[in-house]
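Colleague: how would this look folded up:
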Amino acid sequence: GAVFGDTYVEIKGGHILTSVYGGNELTDVGAYEGDGLTPISGGKCTINMTGGTVGVPRTLEQITLHPVTCYLFGAGKGDQRTFFNTWTNVISAEVNITGNARIYGSTFGGGEDGHIIGDAETNIGGSVTIGETTHTHSNVVIGTCGTSYVDGSVFGGGRGFSGEALTAGSVGGNAEVNIEDGTMLGSVYGGGRLASVGVDFSSAQNASTGQFTEDDGVNTYGYVTINISGGTIGNSKEYIYNPTAEQKAAIPNTTFDYQNHLQYTKGGNVFTAGMGRLYALDNTTALSSWQKLGQCKSTTLNMTGGTVKSSIYGGGEIGIVAQNATLNINGGTVGTKVVDSEDETKYYYFGSVFGGGKGSTENIEG
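Modeller: Sure thing, here's the model as predicted:
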């Protein structure tokens, strides 16, 4: 099933009910040396989506029961078990989403438990030239809200489902996310979701697997960059002061303080690094290796325009940055005016900028 050259996925219309992958399922894109990891030729996956629809709006219960549907992945669909470290590889991936594209789930520059040997690039909005046609106008919408709340985030890296395989969904090189316009109802992450950027995945038995690859003076590994020049990140459901019990129930994973002011929103945040987890998908089993999942080496955010409805973080959401986190904000808007649900004369402003990441107060043994 291998493809020894490159792959191209162009979506201009139609309706894809579940997910899209730029790469293969359980096999590679590109030609490699005998170790299966050293690229020889080919191996770039490109997705150009200028129209059409991916996924369907879903309820929270449906998302919980089947969380892997309605996603777009730049690379392939692999297997989370550790002995698949050397399979489902691509050399690089590029995802371009513009025009009238509609995605009900989330997007990933990387793969679903598959790997990218080199770099991953995601471009939302702006212009893209396909053949002789240049698409310049964007009405991109990513996510779904209402009864489904929000399932519409952008990840520069991949998606790992394992709490044990340190390389599931990893990007071996660097990850870059460029947002020029469009509406993202969830949040933006420069890194992956339980998947790291810049780590080695030579084999499950190699001691270097899951460790950062050192820069060699020519190539760099583990650097994440987000450039935001336009667009809106966030939704209109979460920002309410003094909500009723029914309103609180409609926006799960959003917390309030004793004065009914927002403390945290799930949507509308920008995490320059990745998303980690403290527990397995059962939400009860502590992940003993959580510190090594969803990490990256260094992050940079450049914001010159656009709207971030909640907060900006230089780091990740329970995801570690091993070296430096840099924020350059030269334009745009961060935060939202939050109005009382009963008295519109009462309001406050929500949304902050944090140089580092977001942690947790939970005590995880081990």
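Colleague: what residues does stretch 126-146 touch?
Modeller: 10, 48, 50, 55, 57-58, 96-107, 124-125, 150-154, 178, 180-186, 235-237, 267 (C-beta atoms under 8 Å, 6 or more residues apart in numbering). For the C-beta atoms, the positions are set from N, CA and C on the backbone; glycine is no exception.
Colleague: hmm, try it at 7 Å
Modeller: Stretch 126-146 has contacts (C-beta atoms under 7 Å, 6 or more residues apart in numbering) with 10, 48, 50, 57-58, 96-104, 107, 124-125, 150-152, 154, 180-186, 235, 237.
Colleague: By mean pLDDT, flag the weakest helix or strand of the chain.
Modeller: strand 128-130 (a mean of 68; mean pLDDT, DSSP states H and E).
Colleague: which stretches of the protein form helices?
Modeller: 60-65, 245-249 (DSSP state H).
Colleague: quick one: which of those helices has the weakest pLDDT on average?
Modeller: Sorting those by mean pLDDT places helix 60-65 lowest, at a mean of 78.
Colleague: what about it, distance to the chain center?
Modeller: In this view, helix 60-65 has its centroid 19 Å away from the chain centroid, taken as C-alpha atoms, centre = their mean, to the nearest Å.
Colleague: Give the buried residues for it.
Modeller: 62-63 (16 or more other C-beta atoms under 10 Å).
Colleague: Residues contacting that helix, please?
Modeller: 148-149, 151, 252.
Colleague: Buried only: go through those residues for me.
Modeller: 148-149, 151.
Colleague: if we can go back for a sec, looking at the helices of the chain, which is closest to G78?
Modeller: For G78, the closest of the helices of the chain is helix 60-65, at 22.1 Å, according to C-beta to C-beta.
Colleague: Sketch out the low-pLDDT regions of the stretch 201-350 of the chain for me.
Modeller: Applying pLDDT under 70 to the stretch 201-350 of the chain flags the ranges 203-205.
Colleague: which residue ranges form the strands in it?
Modeller: All strands of the stretch 201-350 of the chain, identified by DSSP state E, counting those that start in this stretch, fall at 223-228, 232-233, 255-256, 262-264, 270-271, 298-308, 312-313, 325-334, 336-339, 347-350.
Colleague: okay if I get the ones you listed as TSV plus mean neighbour count and distance to G36?
Modeller: As requested, the strands of the stretch 201-350 of the chain are arranged in TSV below (neighbours: other C-beta atoms under 10 Å; distance: least, C-beta to C-beta, whole Å):
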stretch	mean neighbour count	distance to G36
strand 223-228	23	25
strand 232-233	24	38
strand 255-256	14	45
strand 262-264	15	42
strand 270-271	29	32
strand 298-308	20	28
strand 312-313	26	36
strand 325-334	15	34
strand 336-339	17	48
strand 347-350	14	48
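Colleague: In JSON lines, list those along with distance to G356.
Modeller: Putting the strands of the stretch 201-350 of the chain into JSON lines (distance: least, C-beta to C-beta, whole Å) gives the following:
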{"stretch": "strand 223-228", "distance to G356": "14"}
{"stretch": "strand 232-233", "distance to G356": "19"}
{"stretch": "strand 255-256", "distance to G356": "19"}
{"stretch": "strand 262-264", "distance to G356": "15"}
{"stretch": "strand 270-271", "distance to G356": "11"}
{"stretch": "strand 298-308", "distance to G356": "10"}
{"stretch": "strand 312-313", "distance to G356": "7"}
{"stretch": "strand 325-334", "distance to G356": "6"}
{"stretch": "strand 336-339", "distance to G356": "22"}
{"stretch": "strand 347-350", "distance to G356": "19"}
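Colleague: among the contacts of helix 60-65, which two are most distant?
Modeller: D151 and P252 (11.8 Å).
Colleague: Next, the buried residues of stretch 250-259.
Modeller: 250-251, 254, 256.
Colleague: Check stretch 231-249 too.
Modeller: By neighbour count on 16+ other C-beta under 10 Å, the buried set for stretch 231-249 is 231-235, 237-243.
Colleague: give me the number of residues near the nearest residue to G210 once chain neighbours are set aside?
Modeller: In space, and not counting its chain neighbours, G210 is closest to L166: 3.0 Å by C-beta to C-beta, 6 or more residues apart in numbering. Each residue near L166 was counted by other C-beta atoms under 10 Å, and the total is 23.
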